[in-house]
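A.B. asks: coords below, sequence missing:
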C-alpha cells in the first residue's frame, strides 16, 4: 500500500526543479532531480495522466551540508477523470507550501523527507473551493541508489480538516500514521510490512443533516517471498511496462506475459482492515447507526510452494440501527463469515496462468483454443477444499451458526462431496425475518426436519446436518431434499409432485392430499393450497411411515396416503 500524498509531492518537486535557475544547482542537485524524476514516472504511470503538474509561483533549490532542499510556494496540480480528452474539465489543487529534503541513507540509498502543506485548496469544475488544512504533516521515502525504487515510506500528521464552502459539509480526522517498507531477510528472502492507522474521524453533512464519528480506521498487512532479487527484477519489468505508452490491448498482452512469474514471488500476502467506533446521528443528535467494530481480513499463503491456501474473514459486532430505519428485530447485531480454500495445487495454477498468458488479442484462434484446453485440463487436476470455518448471524431473536466443507474439482467432480452443520436459535422468529419471500414456505417444513437440541447455556436450538454428493444433490439430516430444486413440470398425462412454491400450488390433487392427511389423523389445512403448513403435515406423515422426509408428495407418498394420481391438476 502506498499513500499517494508522498508521490504527488515528489512530482511537484521534480516539475518545480526544472523551473529553477541553472545557477541554483549544487553538485548533488542532478541526482536529486533523477530520484524525483523516477517518482514522477511512477506517479504518471499509476494515475494514467489523471494527475498533472501545472506549475508554482516560486521555487527555491539550495544545499545545506549533505542535504539538497527544494521549497516551493503555491504549487499547483490538476486532477481529471478523463486525462486524454482536451475538453475534459479538471479539478485544480493548490498547495501553499511544500518542502523536500534529500539526505544520504545507508547502503548508498537516499532519503526524501517532505514537509507537507498546512493549507491546500481544491477547486472542482463548477464548484466552490474546498479547503484542506493539515497540522504537522510530514512524509518520507527511502530510495534505492541503483533502481530508484522506494524501499520504505512514512506519512503522518497530527490532524486534518476538509471544508466544503459551497455545501457547508466538513470532515476532520487525525492523528494519522502510515508506513511501508521492503525488508531483506535471510537466504535472500524478503518481507513487506504495511501499517496504517487513522484516529478521531468526525464529519457533518448538511443533507439530512447528519453527523458522526469513527474512533479508528486501521490496516495492517504483510507480504513476503523467497527471492528478493527475483522480486526486484519483476518490479523492474512492471515499472518499464507502466512507463510505456501502449494501447490497452497491447498493455493487456504484456501483462498476461508476466502472470506465470508473479505467483512464485510470494510465500504469503495477508492483511486486515478494521473500523472501530462508528456513530451516525441525525439532526438533533438522535442516533441513526452505531457499530462497535467491523473488519475484513485475508491471507494468501503457499504460492511459492507446492500447495496454496486462501482465507477471508468478514465480521462485525455491536451494530444498532434506529427503529425509523429498520425493525430492531431484523438488525444483525453480530455477523461473521470466515471461509477459505485449502490444498490448491500451485503446479496446476501455474499451468492455468501460462495458458492465460497465451490468450493474447493477437494470438491465432488455434493458439487460443489450445490455451483454453490447457487451462481446462489444468483446472480439472485441482483438488481444492472449500471450507467454511465459521458462519454466524445474530439478531435479538434469531441466531444462526454453521460450518462446513466441500471437496473435489468443479471440472472433475469424481470424488466430490460436501457437508456442513447449521444450528438455529429462535427458529420460530425466522418468519419475521424472511417475511413473504419464497423461502418462507419452507420454514414449517424445515422445523419438522430439524433436530431439537440445547446449547451450552441451555437455550434451545434446531440443528441441521447438510450433505451433498453426486448421487444426492443435498440431504438434510439424512433426508434427500433434491426434489425441492427440481425444475420443469410433469410429463404429459402424468401427475405432478406437490411441493412448496410461490405462489402456492392449488387444485384437486392438493385437496385430495389434504383430505388424506386428515383421514390419517395428521393435522393439515383444508384450503386447497399446498402451503408451508401442508408440506409440514406431509413431512410428519412421511416420518411416521418411514418415508424420505422432504414434504414433497411424490409417487411413494401418494401411494402411502392412498391418493389416486390426478393427471390433470387444477391451475396454480
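C.D. replies: That came through, no problem. Being a predicted model, the structure only gives us computed values, none of them experimental.

A.B. asks: hey, let's count contacts and neighbours off CA atoms from now on
C.D. replies: Noted.

A.B. asks: Neighbours of residue 436, how many?
C.D. replies: When neighbours are counted by other Cα atoms under 10 Å, residue 436 registers 11.

A.B. asks: Help me confirm that it is found in a strand?
C.D. replies: No - counting by DSSP: H, G, I helix; E, B strand; the rest coil, residue 436 is not found in a strand; it is coil.

A.B. asks: which sections of the stretch 51-200 of the chain are below the confidence cut-off?
C.D. replies: Along the stretch 51-200 of the chain, segments meeting pLDDT under 70 span 81-88.

A.B. asks: OK, contacts around the residue nearest to residue 473 when sequence neighbours are not counted?
C.D. replies: Nearest residue to residue 473, sequence neighbours excluded (Cα to Cα, 6 or more residues apart in numbering): residue 482, at 5.6 Å. Applying Cα atoms under 8 Å, 6 or more residues apart in numbering, one finds that residue 482 lies in contact with 472, 473, 474, 475.

A.B. asks: Now residue 482: phi and psi?
C.D. replies: phi -60, psi -30 (degrees, to the nearest 10).

A.B. asks: If I look at it, what pLDDT would I see?
C.D. replies: At residue 482, the model reports a pLDDT of 92.

A.B. asks: And residue 567, by the same measure?
C.D. replies: 65.

A.B. asks: State the next helix or strand along the chain beyond the helix or strand where residue 161 lies.
C.D. replies: Taking DSSP states H and E as the criterion, residue 161 maps to strand 159-164. Per DSSP H and E, the first helix or strand lying C-terminal to strand 159-164 is strand 170-173.

A.B. asks: Would you mind pulling up the elements that that next one packs against?
C.D. replies: Helices and strands touching strand 170-173, by 3 or more Cα pairs under 8 Å, 6 or more residues apart in numbering; DSSP states H and E, are strand 159-164, strand 190-205.

A.B. asks: for these, which one sits closest to residue 528?
C.D. replies: strand 190-205 (55.1 Å; Cα to Cα).

A.B. asks: Quick one: residues contacting residue 54.
C.D. replies: 75, 76, 77, 78.

A.B. asks: Could you check how far it is from residue 60?
C.D. replies: The gap separating residue 54 from residue 60 is 17 Å, by Cα to Cα, to the nearest Å.

A.B. asks: Give me the phi and psi for the residue nearest the centre of the chain.
C.D. replies: Compute the mean C-alpha point of the chain, and by Cα atoms, centre = their mean the closest residue is residue 296, 7.6 Å away. Per-residue torsions, residue 296: phi -130, psi 120 (degrees, to the nearest 10).

A.B. asks: Give the closest residue to it in space, chain neighbours not counted.
C.D. replies: Nearest to residue 296 is residue 314, by Cα to Cα, 6+ apart, at 4.7 Å.

A.B. asks: Residue 209: how many residues sit nearby?
C.D. replies: The number of residues near residue 209, taken as other Cα under 10 Å, comes to 12.

A.B. asks: same thing with residue 56?
C.D. replies: 20.

A.B. asks: Where does residue 269 fall, secondary structure wise?
C.D. replies: Short version, using DSSP H and E: residue 269 is in strand 268-282.

A.B. asks: Quick check, the residue nearest to residue 296 in contact with residue 334.
C.D. replies: No - using Cα atoms under 8 Å as the test, residue 314 is too far from residue 334 to be in contact (11.0 Å).

A.B. asks: who's more crowded, these two?
C.D. replies: residue 334 (21 against 17).

A.B. asks: Can you tell me, leaving aside adjacent residues, what's nearest to that one?
C.D. replies: Residue 334's closest residue in space is residue 317 (Cα to Cα, 6+ apart), at 4.5 Å.

A.B. asks: Next SSE downstream of the strand or helix carrying that neighbour?
C.D. replies: According to DSSP H and E, residue 317 maps onto strand 307-321. Downstream of strand 307-321, the next assigned helix or strand under DSSP H and E is strand 334-345.

A.B. asks: Pairing partners for that following strand, with directions?
C.D. replies: strand 307-321 (antiparallel), strand 385-394 (antiparallel) (DSSP bridges).

A.B. asks: Can you pull the domain assignment for the chain?
C.D. replies: What automatic domain parsing lists as the domains of the chain is 1-150, 417-561.

A.B. asks: bridging residues for the residue nearest to residue 334?
C.D. replies: residue 293, residue 334.

A.B. asks: Per-residue pLDDT of it, please?
C.D. replies: So, for residue 317, pLDDT stands at 98.

A.B. asks: same question, residue 17
C.D. replies: On the pLDDT scale, residue 17 gets 35.

A.B. asks: next one: residue 255
C.D. replies: The model's pLDDT for residue 255 equals 78.

A.B. asks: returning to what we had before: filter the contacts of residue 482 down to just the buried residues.
C.D. replies: 474, 475 (16 or more other Cα atoms under 10 Å).

A.B. asks: Reformat the contacts of residue 482 as JSON lines; add pLDDT, distance to residue 529 and secondary structure.
C.D. replies: Output for the contacts of residue 482, formatted as JSON lines (pLDDT from 0 to 100; distance: Cα to Cα, whole Å; DSSP: H, G, I helix; E, B strand; the rest coil):
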{"residue": "472", "pLDDT": "88", "distance to residue 529": "29", "secondary structure": "coil"}
{"residue": "473", "pLDDT": "89", "distance to residue 529": "27", "secondary structure": "coil"}
{"residue": "474", "pLDDT": "94", "distance to residue 529": "26", "secondary structure": "coil"}
{"residue": "475", "pLDDT": "96", "distance to residue 529": "26", "secondary structure": "strand"}
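
A.B. asks: Could you point out which residue ranges in the stretch 451-572 of the chain have low pLDDT?
C.D. replies: 567-572.

A.B. asks: Do a quick rundown of the helices in it.
C.D. replies: Listed in chain order, the helices of the stretch 451-572 of the chain (DSSP state H, counting those that start in this stretch) span 508-519, 532-544, 555-561.

A.B. asks: Against which helices or strands is the second one packed?
C.D. replies: Counting contacts by 3+ Cα pairs under 8 Å, 6+ apart, helix 532-544 packs against helix 443-449, helix 508-519.

A.B. asks: picking up where we left off before, outside of the strand holding residue 269, which residues touch it?
C.D. replies: By Cα under 8 Å, 6+ apart, the residues outside strand 268-282 that reach it are 208-225, 287-303.

A.B. asks: repeat that with 6 Å
C.D. replies: 210-224, 287-301 (Cα atoms under 6 Å, 6 or more residues apart in numbering).

A.B. asks: swap in stretch 341-349?
C.D. replies: Outside stretch 341-349, the residues touching it (Cα under 6 Å, 6+ apart) are 306, 307, 308, 309, 310, 378, 384, 385, 386.

A.B. asks: Same check on stretch 191-209?
C.D. replies: 169-183, 210-224, 283.

A.B. asks: Show only the entries of those found in helices.
C.D. replies: Assigned to helices by DSSP state H, none of these qualify.

A.B. asks: buried subset of these?
C.D. replies: By 16+ other Cα under 10 Å, the contacts of stretch 191-209 give 169-182, 210-224 as buried.

A.B. asks: Among those residues, which ones are in strands?
C.D. replies: Counted as lying in strands by DSSP state E, out of these, are 170-173, 176-181, 210-224.

A.B. asks: returning to that earlier point: tell me which residues of the strand holding residue 317 are tucked away?
C.D. replies: 307-317, 319-321.

A.B. asks: and if you look at stretch 504-513?
C.D. replies: For stretch 504-513, by 16+ other Cα under 10 Å, it's 504, 505, 506, 507, 509, 510, 511, 512, 513.

A.B. asks: what does stretch 488-501 give?
C.D. replies: Buried-residue list, stretch 488-501, by 16+ other Cα under 10 Å: 495, 496, 497, 498, 499, 500, 501.

A.B. asks: on that earlier part again, which among the strands paired with strand 334-345 is found nearest to residue 108?
C.D. replies: Using Cα to Cα, the strands paired with strand 334-345 put strand 307-321 closest to residue 108, at 37.1 Å.
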